[in-house]
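1. need the 3D shape of this:
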Amino acid sequence: MVSMTSNGSGVGVIDKAAMVLSALEAGPASLAELVSLTGLARPTAHRLAVALEFHRIVGRDLQGRFVLGPRLAELSSAAGEDRLLAAAGPVLGQLRDQTGESAQLFRRQGDLRLCVAAAERPVGLRDSVPIGATLSMRAGSAAQVLLAWEEPDRLHTGLRGARFSATMLSGVRRRGWAQSIAERERGVASVSAPVRGPSNRVVAAVSISGPVDRLTRQPGRLHAKAVVDAARALTEALVRG
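-> Numbers count the residues shown, from 1 in each chain. Okay, here's the model as predicted:
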């Protein structure tokens with residue numbers, strides 16, 4: 001359950017709205033899930049979510065669940081400070097140079113994952129995922145990472161139609177990283193690790209991807225440490241900020 005620090009700010013409606021937004025940080029939520037995550041009364045949670053939706057601070061996905069809205073990205077851009085993206089450039093560049101593979105940063109966006117930063121391998125055969133590309137949450141190591149630490153009900157829903165299983169996600173949580181082989185695309189392998197925000201929630205996934213012939217069918221053996229180190233560097237950048 002989302003909780004506010006100490007007794008809150010003293011402005012109850014703002015504190016409650018912040019609880020709703022914090023609950024949505026981890027991904028889409030139905031009204032019932034918002035009530036469970038925030039502890040707010042159902043009418044209160046509904047009234048706040050709809051009011052935030054009016055101002056585009058909250059939106060809806062295709063299933064009608066509440067998600068963080070586009071206005072937040074606009075405000076972040078206007079403020080000129082997104083610590084994650086600011087730190088991502090050099091971290092992904094170093095990861096690419098260290099592994100020799102293309103590196104990406106993904107965030108969950110409803111039922112998809114969005115590439116928000118990338119460092120491409122400059123030459124040779126590579127897996128190119130441009131910034132702004134949306135990929136499925138049903139396949140790939142980044143999807144595994146973005147789903148593995150979800151609440152049980154969201155995890156169960158996310159596994160429907162997925163190319164990976166609950167047992168595989170249990171292994172991801174145990175190891176702290178995920179790998180995939182020809183899961184998202186034939187001939188492509190990848191390794192991913194979680195980036196955590198100040199609340200310790202998984203907010204993004206750092207990945208490398210490339211041809212199976214080069215990464216082998218056990219890409220984690222080659223590159224898990226480098227990917228985990230990159231994810232940890234981004235986590236530290238968020239926590240420090």
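2. now the helices for the chain?
-> 12-24, 31-38, 42-54, 70-79, 83-99, 141-148, 152-158, 166-175, 212-215, 219-240 (DSSP state H).
3. neighbours of residue 175, how many?
-> Residue 175 is flanked by 14 other residues according to other C-beta atoms under 10 Å. Glycine gets a C-beta too; all of them are placed from N, C-alpha and C.
4. didn't it look like it was pressed against residue 224?
-> Yes. Residue 175 is within contact range of residue 224, at 7.5 Å (criterion: C-beta atoms under 8 Å).
5. the closest residue to residue 230 other than its chain neighbours and residue 45: what is the separation?
-> Nearest non-adjacent residue to residue 230, counting by C-beta to C-beta, 6 or more residues apart in numbering: residue 95, 4.3 Å away. Residue 95 is 40 Å from residue 45, where distance means C-beta to C-beta, to the nearest Å.
6. mind listing what residue 215 touches?
-> 101, 189, 190, 191, 222, 223 (C-beta atoms under 8 Å, 6 or more residues apart in numbering).
7. need those in a markdown table (columns: pLDDT and distance to residue 165).
-> Conversion of these to a markdown table gives the following (pLDDT from 0 to 100; distance: C-beta to C-beta, whole Å):
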| residue | pLDDT | distance to residue 165 |
| --- | --- | --- |
| 101 | 95 | 26 |
| 189 | 95 | 18 |
| 190 | 96 | 17 |
| 191 | 98 | 18 |
| 222 | 96 | 23 |
| 223 | 97 | 23 |
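8. farthest-separated two in those residues?
-> The most widely separated members of the contacts of residue 215, counting by C-beta to C-beta, are 190 and 222 (11.6 Å).
9. looking at these two, which has the bigger crowd around it?
-> Between residue 190 and residue 222, counting by other C-beta under 10 Å, residue 190 is the more crowded of the two (32 against 19).
10. list the contacts of the more buried one.
-> Shown in contact with residue 190 (C-beta under 8 Å, 6+ apart): 127, 140-142, 179-180, 184, 207-210, 215, 219.
11. tell me the bridge partners for it.
-> According to DSSP bridges, the partner residues bridging residue 190 are residue 180, residue 209.
12. from residue 219, how far out is it?
-> Distance of residue 190 to residue 219, computed by C-beta to C-beta: 7 Å.
13. common neighbours of those two, please.
-> Both residue 190 and residue 219 are contacted by 179, 208, under the criterion C-beta under 8 Å, 6+ apart.
14. let me see the domain layout of the protein.
-> Following the TED database, one gets these domains for the chain: 12-79, 83-240.
15. looking at these, which is buried most?
-> Compared across the domains of the chain, domain 83-240 shows the largest average neighbour count, a mean of 19 (mean count of other C-beta atoms under 10 Å).
16. all set now, cheers.
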